[in-house]
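Asker: have a look at this prediction, sequence included:
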Amino acid sequence: MTINSANQEVKAAPAKTHLQVIQARPHPHRCWSCGDMRAEHFCGECGHVQPAEPTDFFSFFGLPRRLELDEEAMEREFYALSRKLHPDVYSRASEREQQWSLEKTSQLNDAYRTLKDPISRTEYLLMLEGIQLEEQSKIATEQARAFGTEKKQTVPAELLEEAFELNMLLEETKLGGVDDDLRGQLVATREGLTTRLNAMQDELRAAWKAWDGGEQEAVAKMVDVLNRRSYLRNLLRDINDILS
Amino acid sequence: MADDRVVGIDLGTTNSLVAYMGTGPSLTHPHEPGKGVFIIPGEDGVNLVPSVVAMDATGQMLVGNSARAVLLHSPERAVYSVKRLMGRGVEDVQEELKLFPFHLAEDLAKGEVLRIHLGERTYTPPEISAQILRQLKRNAERFFGAPVKQAVITVPAYFNDAQRQATKDAGRIAGLEVLRLVNEPTAASLAYGLDRKQNGTIAVYDFGGGTFDISILKLKDGIFEVVSTNGDTHLGGDDIDNLLIAIAVDDIAGDLKIDIRKYPDAVQRLRNAVIEAKIALSSQEAVELEVELPVTEVADQADDTTPEEGVPVGELYQRRITREMFEEMVQPIVERTLEPCRQALKDAGLTAAQVDEVVLVGGSTRIPLVRQKVEELFERKPHTELNPDEVVALGAAVQANILAGGSEETKDMLLLDVTPLSLGIEALGGVTAKIIHRNSTIPASATEHFTTGVEGQVSVAIHVLQGERELAKDCRSLARFDLKGIPPMPAGLPRIEVRFLIDANGILHVSAREQRSGKESEIQVQPSYGLTDEQVENMILDSFDNAEKDMAERQLIEARNEAETILTALQKGRRNEAWTMLGFGEQRKVDELESQLRQAKTGTDHLQIRRSIDELNQATMHLAELMMDAAVGGALRGKNMESTGIADGPEAPHPIGKAEFS
């Protein structure tokens, strides 16, 4: 998913201005249909859908770029906007309105899908901040493929031991299959890793709090947690593959 | 108003139905119920139209029960379960061909849309489906006495882009504007949720004639939000039938040394018999399977053993099948539905226990073993009170009502559906790069950037895929297209933005532009398996060859409708004071012409009906004038218009005016 011009503007913006950017956003527009003042997505007076404009997902919901958000409130807003913008509502409207409704609703759905999940929300914010996660970096993937090499993924220090042990276990299964003993070890490793994964959620939440409080350094922390998390999830996937 | 009617259509593998949700009482169309959602029956009064199309010996196209009759004696002149071929290529259908009597055109090129022999010509699956749709359209027009031009059509949730596009094409060929394609399980949930306005999570298990779908929905204050969906577009009652046929074929070959597969009509008899047995076993513990075998001079050699003596005329193959035997045979098929259910739960992030209600849809859910397996998986008794054959069509009618502007009952209802399969593009090394993940709420979009690899390159090829597999070759190829007209630049410099948008029908739209030069590129989208717009247009033109017959039918409907209007108005006129002011001879004349029109209306000659209408119109001119005078007089005496009885319909001021039509 790529976001248009909006993100470049943000990359250039100094760290603490993100709240101001939001406050400046709702420019008073005139509704194309009734000429009255309109809300962002549909006219407050006559209810008509307005042309879709490039926007980032936080702005679409009128939200500041904060990571702790009230998911229930966002769901309510999603439903309320869906009722106003969905193509079902415009099936008898002009072709132009149908097109706007389609574009607006796809923006709404894309925004809601991205923001409602804590991980994709964090990744999206980092992307708006101009940071490419190692795992997410398509360029790295493509380069690795082009050169026929494994994609470079550094093993996080705290996971070195587990990764090493697990690789041994995986080698064993390749040689002799999975016996009960090995299965037991894998299940135990899986439990340990799952506990760590859950602990990372807490770390991430702490980083959110810092970011929302205006600490720019929280970005580095989030990148670190997400990278370790992604590595851990790969390990878990390998184990699950063998166990199933 | 008449033209605005939007009907809901369930275009099923085995049966098709058309339904409508009424928005208000109608004075001009007394047959039309004022409210509620209902199935529109066919001419024979039956709700289900078998999805069978046949060409009889005279070249007449038949649909439904009459086509099914053809299937029994001349299977080569009929096509059934054509839904299985929609949007598929020749290499996709090899499995189907082993079991279905489809006769593909011999000259099919790879990547071309399939064509099937039917009578003297070949037809594509969308054209055959269009025949079924046209029959449903006619049924609705007969019912309303007015043209029907817009429809909502249901498709299996797990249908891919090509299958959806093929369904939409079929609608266009049939002369219907398809306002929306709705997923079958979702449609069912609308019908189910219509009169139970409660919040919660429901699972819709839809096991039909040819397809299986599972959808998990969250219902909240009228919002029907699909959380996840999964399924198999090639798993249904047909598979059970084919398995039973295969077992019986082996049995007959072993016991009687007859290779029944050489006798298509006998295979069709066998097919009918196993279907009847299957249905009976849902309510009985055992059934006698009986099939009349083909007449053979000498027994065929089904295997290497020495043939026994010839089978005499009319010999029967008989087998007793108990439900236990049946369940043992079909268990593997039923179990294939469970993995998609588990995956859908997993994708929804739910456990079976977190699902509040389970709704069964599709004829195959009448099988007790299916109900039992669903109950075990979801740990609760599924709902069976809705007619599993009709609920999808009813739901389509509810969605049609919403699209037509809604009504009191549907004003809060909104359906938020998802795309069943991930959308990807082929990246370096033949892998799939997913750009829109499955179970994303639609409409959904993604933007990707492409560049060139060679200096001066002016086009870039993009391969769009649909599916969950890692490698492009294992996914469904949706389209290959070239981004053309890129201004020549050094390699890697052009920045081409391509936007992928899945609309509310689940159909993909692609647009592209080159950002460095700001030039909108011209892109050509070549569907991998699908009809081009031009082909569809030609098929619409083709269907005008058949249009003469359609036109005659249309004219008859219109004439009958007009006759009905004039007769109703006359009834009203007789109750008017003005009637008593006519002379006896004049009254006799009107009576005579009235019965003449009633007589003509039962016939099929629309010209005869028109003549009778005109004559009756002439004869009642005087009555109309008297009524006018009375009305004016009444108004002068301070009576309101309503009490004159002539202002309450579109026919005023001449009570016997022409029906509002078109």
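Answerer: Structure's in. What do you need?
Asker: is B:Thr131 located within a strand, as I assumed?
Answerer: For the record, residue B:131 is Gln, not Thr. No. Counting by DSSP: H, G, I helix; E, B strand; the rest coil, B:Gln131 is not found in a strand; it is helix.
Asker: isn't it right up against B:Met61?
Answerer: Yes. The criterion here is Cβ atoms under 8 Å, and B:Gln131 meets it with B:Met61 at 5.9 Å. (C-beta placed from N, C-alpha, C; glycine too.)
Asker: how far away is B:Pro264 from B:Val93?
Answerer: Using Cβ to Cβ, to the nearest Å, B:Pro264 is found at 18 Å from B:Val93.
Asker: likewise B:Leu556?
Answerer: Distance, B:Leu556 to B:Val93, using Cβ to Cβ: 39 Å.
Asker: also B:Gly64?
Answerer: Distance of B:Gly64 to B:Val93, computed by Cβ to Cβ: 24 Å.
Asker: who has more neighbours out of those two?
Answerer: Each of B:Gly64 and B:Val93 has its neighbours counted (other Cβ atoms under 10 Å in any protein chain shown); B:Gly64 has more, 25 against 18.
Asker: how about the contacts made by that one?
Answerer: B:Gly42, B:Val49, B:Pro50, B:Val52, B:Ile132, B:Gln135 (Cβ atoms under 8 Å, 6 or more residues apart in numbering or on different chains).
Asker: in these, find the pair that's most separated.
Answerer: Within the contacts of B:Gly64, B:Gly42 and B:Val52 form the most distant pair, 13.1 Å apart (Cβ to Cβ).
Asker: who has more neighbours, the two?
Answerer: Of the pair B:Gly42 and B:Val52, B:Val52 is the one with more neighbours under other Cβ under 10 Å, namely 26 against 22.
Asker: okay, and the beta partners of that one?
Answerer: Per DSSP bridges, the residues bridged to B:Val52 are B:Tyr80.
Asker: which residue ranges of chain A form helices?
Answerer: All helices of chain A, identified by DSSP state H, fall at A:6-12, A:18-24, A:57-60, A:71-85, A:95-116, A:118-128, A:138-146, A:160-176, A:180-212, A:218-243.
Asker: so how far is the longest helix anywhere in chain B from its chain's centroid?
Answerer: Counting by DSSP H, the longest helix found in chain B is helix B:547-574. Taking the mean of its C-alpha atoms, helix B:547-574 sits 28 Å from the chain's own mean (Cα atoms, centre = their mean, to the nearest Å).
Asker: care to break the chain down by domain?
Answerer: In the absence of a named chain, this looks at chain A. A:6-128, A:149-243 (automatic domain parsing).
Asker: not what I meant, chain B
Answerer: Domain segmentation of chain B under automatic domain parsing yields B:2-235+B:360-416, B:237-332, B:423-530, B:547-644.
Asker: give me the low-pLDDT residue ranges for the chain?
Answerer: Chain wasn't specified; assuming chain A. A:1-39, A:44-45, A:132-156 (pLDDT under 70).
Asker: should've been chain B
Answerer: Applying pLDDT under 70 to chain B flags the ranges B:1-3, B:23-35, B:195-197, B:295-314, B:517-530, B:540-554, B:631-662.
Asker: let's go with 50 and repeat that
Answerer: Along chain B, the parts satisfying pLDDT under 50 run over B:1-2, B:24-34, B:298-312, B:635-662.
Asker: looking at the domains of chain A, which is closest to B:Ile202?
Answerer: Closest among those, using Cβ to Cβ: domain A:6-128, at 17.2 Å.
Asker: how about the contacts made by residue 104?
Answerer: Since you didn't name a chain, this refers to chain A. A:Lys104 makes contact with A:His41, A:Val49, A:Gln50, A:Ala52, A:Leu85, according to Cβ under 8 Å, 6+ apart.
Asker: um, chain B though
Answerer: Listed by Cβ under 8 Å, 6+ apart, the contact set of B:Leu104 reads B:Val90, B:Val93, B:Leu97, B:Leu114, B:Arg115, B:Ile116, B:His117.
Asker: for the closest residue to B:Arg134 other than its chain neighbours, give its distance to B:Ile507.
Answerer: Sequence neighbours aside, B:Ala174 is the residue nearest to B:Arg134 in space, at 4.4 Å (criterion: Cβ to Cβ, 6 or more residues apart in numbering or on different chains). Going from B:Ala174 to B:Ile507 by Cβ to Cβ gives 18 Å.
Asker: the two: which has the busier surroundings?
Answerer: Ranked by neighbour count (other Cβ under 10 Å), B:Ala174 and B:Ile507 place B:Ala174 first, with 27 against 17.
Asker: for B:Ser16, see how far away that one is.
Answerer: From B:Ala174 over to B:Ser16 (counting by Cβ to Cβ), the distance is 11 Å.
Asker: what's the overlap in contacts for those two?
Answerer: With Cβ under 8 Å, 6+ apart, B:Ala174 and B:Ser16 have common neighbours B:Leu133.
Asker: coming back round to it: for B:Gln131 and B:Met61, indicate the residue with more neighbours.
Answerer: Taking other Cβ under 10 Å, B:Gln131 and B:Met61 do not tie; B:Gln131 has more neighbours (27 against 18).
Asker: mind listing what that one touches?
Answerer: For B:Gln131, the contacting residues are B:Val53, B:Met61, B:Val63, B:Ala174, by Cβ under 8 Å, 6+ apart.
Asker: so how many other residues sit close to B:Asp56?
Answerer: 16.
Asker: mind listing what it touches?
Answerer: B:Asp56 makes contact with B:Leu62, B:Val70, B:Arg77, according to Cβ under 8 Å, 6+ apart.
Asker: now the phi/psi pair for it, please.
Answerer: phi -80, psi 180 (degrees, to the nearest 10).
Asker: repeat that for the one 10 residues further on.
Answerer: As for B:Ser66, its main-chain torsions (degrees, to the nearest 10) stand at phi -70, psi -40.
Asker: what's in contact with the helix or strand hosting B:Ile9?
Answerer: Using DSSP states H and E, B:Ile9 sits in strand B:6-11. Residues outside strand B:6-11 that contact it (Cβ under 8 Å, 6+ apart) are B:16-21, B:40, B:51, B:83, B:129, B:132-133, B:136-137, B:140, B:148, B:150-155, B:167, B:170, B:179, B:184, B:187, B:392-401, B:403-404.
Asker: give me the residue at the spatial middle of chain A.
Answerer: With distances taken as Cα atoms, centre = their mean, the residue of chain A nearest its centroid is A:Ser120 (1.9 Å).
Asker: tell me which residues touch that one, please.
Answerer: Here A:Ser120 is in contact with A:Arg113, A:Thr114 (Cβ under 8 Å, 6+ apart).
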